[in-house]
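K.L.:
coordinates only, sequence not included:
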């Protein structure tokens, strides 16, 4: 048989046969006087085995080890490893399909957030707030939340979203207060109003864990994206919320979050 004939018989391409020769999987056969390869039944048997092994998912190096093992022990080990790997892939695919199912249902119903796909926890949080197309601050917030939804570990993300759920009911008013600070200076009286409103809905646990400006990374990028008065209001709100959480341990001389003496109230 010539290369085209053996390839057609086994169900592979002549190019694949040549590749198996170059990889050392299929020994080079005798050549005719005219230089063409002459394949026999034994070559077809080996080629068929190579095809079966590669169709199972074995790499060429693994196929080479199996072919070189006369007693079959290598094949057993390779197939066991392959079965374990397929089981892991199956579990991953099952988990992905479970995550995809609710997202697909939301998309078909026209309820998938513009930032989607997102986790069920964030989807529930955004649904509680609703769409606020006229609020630039709301748009920034949704973008940050979508980013955190991706980069924060699953357990931490679920806890974060649960902490934020309590603030969802006041989101419209808070965004309106912060949007109003876009074109004012940090000493505008409305900065204090927005800071107090934001601090009132920040859970104590979240306020303590929020990174401060200057800590690098996402925190600095977040504050840099705000107008000066908005940045001042957010910083002041975090300080007020942290001070509120410290009140139980504070003595008479405690300094407030703004660095002044006395109480923060």
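P.N.:
Noted; the coordinates are in hand. Predicted model, so just to flag it, every value in this text is computed and none were measured.
K.L.:
list the buried residues for stretch 129-149?
P.N.:
Buried residues in stretch 129-149, defined by neighbour count with 16 or more other Cβ atoms under 10 Å: 129, 132, 135, 137-138, 140-142, 145-146, 148-149. C-beta: built from backbone N, CA, C; applies to glycine.
K.L.:
make a markdown table out of those residues and add pLDDT.
P.N.:
Output for the buried residues of stretch 129-149, formatted as a markdown table (pLDDT from 0 to 100):
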| residue | pLDDT |
| --- | --- |
| 129 | 73 |
| 132 | 72 |
| 135 | 88 |
| 137 | 88 |
| 138 | 85 |
| 140 | 85 |
| 141 | 83 |
| 142 | 82 |
| 145 | 82 |
| 146 | 81 |
| 148 | 79 |
| 149 | 80 |
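K.L.:
can you tell me which of those residues are in helices?
P.N.:
Cross-referencing the buried residues of stretch 129-149 against helices under DSSP state H gives 129, 137-138, 140-142, 145-146, 148-149.
K.L.:
still on that earlier bit, just the buried residues of stretch 129-149 now: which is nearest residue 65?
P.N.:
Using Cβ to Cβ, residue 149 comes nearest to residue 65 of the buried residues of stretch 129-149, at 43.8 Å.
K.L.:
and the closest one, what is it in contact with?
P.N.:
Residue 149 makes contact with 118-119, 121-122, 157, according to Cβ atoms under 8 Å, 6 or more residues apart in numbering.
K.L.:
show me what the helix or strand that residue 17 is a member of is packed up against.
P.N.:
Using DSSP states H and E, residue 17 sits within helix 14-22. Applying 3 or more Cβ pairs under 8 Å, 6 or more residues apart in numbering; DSSP states H and E, we find helix 14-22 packed against helix 3-10, helix 41-55.
K.L.:
of the ones you listed, which is nearest residue 106?
P.N.:
That would be helix 41-55 among the helices and strands packed on helix 14-22, by Cβ to Cβ, at 38.0 Å.
K.L.:
chain center to that closest one: distance?
P.N.:
41 Å (Cα atoms, centre = their mean, to the nearest Å).
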